[in-house]
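K.L.:
Mind folding the following:
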Amino acid sequence: MSGCGSGCVVRGDHAPGCSGWVPSDDSAVVECWGCLPRPAVQGVLCAWCWGRMQATVRTLPSVVEHLVDVAEPSTSSPSGRRSVGAPSSRPSERALYAEALVQADDLHAALVSWALEVAEEASLRVGVPRGGTRWTADGGDPVGLAGRGATRRVVGWLVPHLEWVATRSWAPVMLEELASMSSSASRRFPVEEPQRRVTDVRCPGCGCLSLVVVQPAVVGADRLVRCTLSACGRVLSEDDWARARRWAVAVATADAGEGEAA
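P.N.:
Here you go, the predicted model:
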């Protein structure tokens, strides 16, 4: 089995021949925390990177829509609501809004660029949705958003092809670019409600109490449930999440019945 294309390693495990010590940037020798490559389980990606790929792509619409709401205050945006008759924003606030919109444009354009790469390399008959995206004068390259909901449509087109994407040598590059851009935007303009750790439902992939619920950034966006363990990294669909909760209730009910019988 080949190692993860992202270069992930198993913490605490060492490759054959490792002495347990490695040189550092300042020429000193430090302890090796682990160098055994983490095995690829989906194409060239390990379980953690595969889960991260799904989570990153699926949540991009929420991130972009949140950035647009920040950049364009309205009554539909809790983070940007302004009452009628209130004074207009100061220059520094307008600059902040512009920065949010720039990040939304960059993130959407990066997503569309990768989707175009997928469509071309896989020779897909149905092309990437082009509506709602601003393009260069020759129509060859995406430069940003032109309409609300465009990112969601592109993600809806891309998600069914993610398993194929994971087989490509450039999948780690795509993952790192989209994940770093999304994380940067989320840190700069955080969503008000953080992710919630689940304490009573086990992950159906690894059986651990390691699930978190990532709440949608905007009304109508999809909720995401994922496993936080690097060895699993499973992302649950709404159906998977519903089944996991039903199973947890069934197990708890059975345990309660056994306790009463005893």
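K.L.:
Now do the helices in this structure.
P.N.:
Under the criterion DSSP state H, the chain contains helices at 47-71, 91-121, 150-158, 162-165, 171-188, 238-261.
K.L.:
Need those helices in a markdown table (columns: mean pLDDT, distance to residue 195 and mean neighbour count).
P.N.:
C-beta here means a position set from N, CA and C on the backbone, and glycine is covered the same way. Shown next, in a markdown table, are these (pLDDT from 0 to 100; distance: least, Cβ to Cβ, whole Å; neighbours: other Cβ atoms under 10 Å):
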| stretch | mean pLDDT | distance to residue 195 | mean neighbour count |
| --- | --- | --- | --- |
| helix 47-71 | 90 | 11 | 24 |
| helix 91-121 | 84 | 19 | 17 |
| helix 150-158 | 95 | 19 | 20 |
| helix 162-165 | 96 | 21 | 18 |
| helix 171-188 | 94 | 11 | 17 |
| helix 238-261 | 79 | 14 | 11 |
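K.L.:
Now residue 141: closest residue in space, sequence neighbours ignored.
P.N.:
Spatial nearest neighbour of residue 141, excluding adjacent residues (Cβ to Cβ, 6 or more residues apart in numbering): residue 135 at 6.6 Å.
K.L.:
Tell me who's in contact with the one you found.
P.N.:
Counting by Cβ atoms under 8 Å, 6 or more residues apart in numbering, residue 135 makes contact with 141-143.
K.L.:
Quick one, which of the residues you listed are buried?
P.N.:
With neighbours counted using 16 or more other Cβ atoms under 10 Å, the contacts of residue 135 contain these buried positions: residue 142.
K.L.:
domains in this structure, as residue ranges please.
P.N.:
With automatic domain parsing as the criterion, the domains of the chain are listed as 1-39, 46-191, 193-262.
K.L.:
buried ones in the first one?
P.N.:
Taking 16+ other Cβ under 10 Å as the neighbour-count basis, domain 1-39 is seen to contain the buried residues 3-6, 8-10, 35, 37-38.
K.L.:
just how off-centre is it within its chain?
P.N.:
On the basis of Cα atoms, centre = their mean, to the nearest Å, domain 1-39 is displaced by 26 Å from the centre of the chain it belongs to.
K.L.:
still on that earlier bit, show me which pair in the buried residues of domain 1-39 is furthest apart.
P.N.:
Distance extremes for these: the farthest pair is 5 and 35 at 16.2 Å, using Cβ to Cβ.
K.L.:
give me phi/psi at residue 136?
P.N.:
Backbone geometry at residue 136, expressed as degrees, to the nearest 10, gives phi -70, psi 170.
K.L.:
Surely it and residue 143 touch.
P.N.:
Yes. With contacts defined as Cβ atoms under 8 Å, residue 136 counts as touching residue 143 at a distance of 6.0 Å.
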